[in-house]
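A.B. asks: I'll drop the sequence and a predicted model, then ask my questions.
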Amino acid sequence: MANENEATEQAGERRGANPDVRAQRSESHASQTYAFFLKDLEAKAGIGRERAEQAAQSVLCALEQRLMDTEAKHLEAQLPRKVRDLLQRCPRHAGAAPRKLHLEQFLAMVSEDLDCTPNEAERLCRAVFATVREHISEGETEDVIGQLPNDLRTLWAREA
């Protein structure tokens, strides 16, 4: 009977990993999902990791400036944690009311951030949005589209 209790206690200890192990697992999972997101973006845009991080931060920061606060929070909730961390470091949208950005303004903002041409900014926006769509639910995709003006929807929508 004592052996059964010991076995049960040991099994319980293994199942209920201590907080340090849980934190390590959580960090490992966050790193893996972030790496997967960036690899997707790198492949879609044909860019390296550093540029992919810059593009994701710039494009998503600009997008969040366009979305209502609750919708921005819903979108963030579905993104990998380390992608959300990129947005935490973006000072432009923190606490600001949504801005009615249209395509030219949106691309100009991203172009300035990334020090590239508007055509390159458009290409990177499409790649970031395509990557984001693959990492969020279809319902969230529709919610984001619902808040964008027609000209910005063309960047968000899947290419035919």
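C.D. replies: Structure received.

A.B. asks: in the protein, which spans are helices?
C.D. replies: Taking DSSP state H to define them, one finds helices in the chain at 2-15, 19-45, 49-66, 69-78, 81-88, 103-114, 118-135, 138-146, 150-156.

A.B. asks: how about the fifth one: buried residues?
C.D. replies: By that I understand helix 81-88. Neighbour-count burial for helix 81-88, counted by 16 or more other CB atoms under 10 Å, picks out 82-84, 86-87. Where C-beta positions appear, they are placed from N, C-alpha and C, glycine not excepted.

A.B. asks: from those, which shows the smallest pLDDT?
C.D. replies: For the buried residues of helix 81-88, the weakest pLDDT value sits at L87, with 75.

A.B. asks: excluding sequence neighbours, find me the nearest residue to that residue.
C.D. replies: Counting by CB to CB, 6 or more residues apart in numbering, L87 lies nearest to L60, which is 5.7 Å off, once chain neighbours are set aside.

A.B. asks: correct me if wrong: the one you found contacts T131.
C.D. replies: No. Using CB atoms under 8 Å, L60 makes no contact with T131, being 10.2 Å away.

A.B. asks: and the residue nearest to I47 when sequence neighbours are not counted, what does it touch?
C.D. replies: Nearest residue to I47 in three dimensions, chain neighbours excluded: A55, at 6.9 Å (CB to CB, 6+ apart). The contact partners of A55, by CB atoms under 8 Å, 6 or more residues apart in numbering, come to 41, 45, 47, 114, 124, 127-128.
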